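**Student:** Next come a sequence and a model predicted from it.
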Amino acid sequence: MDNKIIDTHAHINSEQFDQDRPDVVARALAAGVGAIINMGDTMESSKACLALSRGFDCCYAGVGVHPEEAFPMTDKDLGQLAQWAKDQKVVAVGEIGLDYYWEKDHDKRQLQRDIFIKQLDLARQLALPVCIHNREAHGDTLEIIKKEGKGIQGVMHCFSGSMEMARELVKMGWYIGVDGPLTFKNAAKLPEIIKEIPLEYILAETDCPYMAPTPMRGKRNEPAYVKYVVEKIAEFRNESFEKIAMQTTRNAKNLYTRLA
């Protein structure tokens, strides 16, 4: 896997892949992808991601509840996540975090914060890293990570924050997840962030089936397309594709130690 790219954030458990999942995995392997990490976003999808990891050698899983799917998690729910996480192919608690883009209700935002904190605590108990979803909630996300995330390592997936936020995360030893939006013409501040932060803190991901990178934009995204993200990182940093592929793979293994 050393010279292979790792898609550190995918959802090939999604129903959008029901008709051709084995072909999607085969195309990824043919494109030089050595591993695919499928992140859970509900209890059901977490279970499905674990099943996928058992069905395909190259697939690994994250287990967790996404903020858009927030519900009042009980000890039983957290216990179930912990049970799944005992499997050596579960590499993270994720994806978890905050999403204020869709959710405007005060009480429901509070519920997001509550289950975010509970799942951070679970990750600490399990000695697993976390994968964080953060949309339009930069301040609260960073505040919670700093206060409740002590002793935990993680990645800010599909990074959309500021340069300052990126620097803060790197200072804490956290990673920045980069996917399709980096390749878009309206990539805004992300190219500058990717040029500045140390390469040792960048992860390549697709978040498929969403946000396919250019030149596949508008199509269903899939793990094989992570190479376009790696190409763009290489272009912005003025470095070789091989160097970016090798280092982002090393980074993924450093964060998700069960990959090795």
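**Tutor:** Structure received.
**Student:** ok, longest strand in the protein?
**Tutor:** Longest strand of the chain, by residue count under DSSP state E: strand 90-99.
**Student:** Sheet-wise, list the partners of that strand with their directions.
**Tutor:** Paired neighbours of strand 90-99 in the sheet (DSSP bridges): strand 59-63 (parallel), strand 130-135 (parallel).
**Student:** Following the chain onward from the last one, which element is next?
**Tutor:** In the C-terminal direction, the helix or strand that comes right after strand 130-135 (DSSP states H and E) is helix 138-148.
**Student:** Can you report phi and psi for L111?
**Tutor:** Backbone torsions of L111, given as degrees, to the nearest 10, read phi -60, psi -40.
**Student:** and it, what pLDDT?
**Tutor:** Note on L111: pLDDT of 97.
**Student:** show me what contacts it?
**Tutor:** A70, F71, P72 (C-beta atoms under 8 Å, 6 or more residues apart in numbering). Placement of C-beta: from N, CA and C, glycine included.
**Student:** so how far is R21 from the second one?
**Tutor:** Spelled out, it's F71. Applying C-beta to C-beta, to the nearest Å, the value for F71 to R21 is 27 Å.
**Student:** Could you do L203 as well?
**Tutor:** 23 Å.
**Student:** Please name the nearest non-neighbouring residue to S46.
**Tutor:** Nearest in space to S46, with sequence neighbours left out and distances taken as C-beta to C-beta, 6 or more residues apart in numbering, is G40 at 3.0 Å.
**Student:** same check, this time on A187
**Tutor:** Closest to A187 by C-beta to C-beta, 6+ apart is P181, at 6.0 Å.
**Student:** any idea how far that neighbour is from D207?
**Tutor:** 9 Å.
**Student:** Need the residues touching each of those two.
**Tutor:** Going by C-beta under 8 Å, 6+ apart, residues that sit against P181 and also against D207 are C158.
**Student:** Settle it for me: which of the two has more neighbours?
**Tutor:** Neighbour count, other C-beta atoms under 10 Å: between P181 and D207, D207 has more, with 23 against 19.
**Student:** what's near enough to touch the more buried one?
**Tutor:** So D207 contacts H9, A10, H11, H157, C158, D179, G180, N221 (C-beta under 8 Å, 6+ apart).
**Student:** Kindly provide the distance from it to E222.
**Tutor:** From D207 to E222 the distance is 11 Å (C-beta to C-beta).
**Student:** ditto for G139
**Tutor:** Distance from G139 to E222, by C-beta to C-beta: 34 Å.
**Student:** go on, G94?
**Tutor:** 20 Å.
**Student:** Can you show me the helices along the stretch 151-260 of the chain?
**Tutor:** 163-171, 190-196, 226-237, 241-255 (DSSP state H, counting those that start in this stretch).
**Student:** and the angle from the third one to helix 241-255?
**Tutor:** Pointing back at helix 226-237 there. Here helix 226-237 runs at an angle of 110 degrees relative to helix 241-255 (axes from the mean of the first three to the mean of the last three C-alpha atoms, to 10 degrees).
**Student:** What are the buried residues along helix 226-237?
**Tutor:** Judged by neighbour count using 16 or more other C-beta atoms under 10 Å, the buried positions of helix 226-237 are V226, K227, Y228, V229, V230, E231, K232, I233, A234, F236, R237.
**Student:** before we move on, the earlier item: quick check on G94 and E222: which one has the bigger neighbour count.
**Tutor:** Neighbour count, other C-beta under 10 Å: between G94 and E222, G94 has more, with 31 against 27.
**Student:** Grab the nearest non-local neighbour of V24.
**Tutor:** Nearest to V24 is E222, by C-beta to C-beta, 6+ apart, at 5.1 Å.
**Student:** Go ahead and confirm the one you found touches M211.
**Tutor:** No - with contacts counted by C-beta atoms under 8 Å, E222 stays clear of M211, the gap being 11.6 Å.
**Student:** neighbouring contacts of stretch 167-179?
**Tutor:** By C-beta under 8 Å, 6+ apart, stretch 167-179 touches 8-9, 131, 142, 145-146, 153-159, 166, 190, 193-194, 197-198, 201-207, 211, 213, 229, 233, 251, 255.
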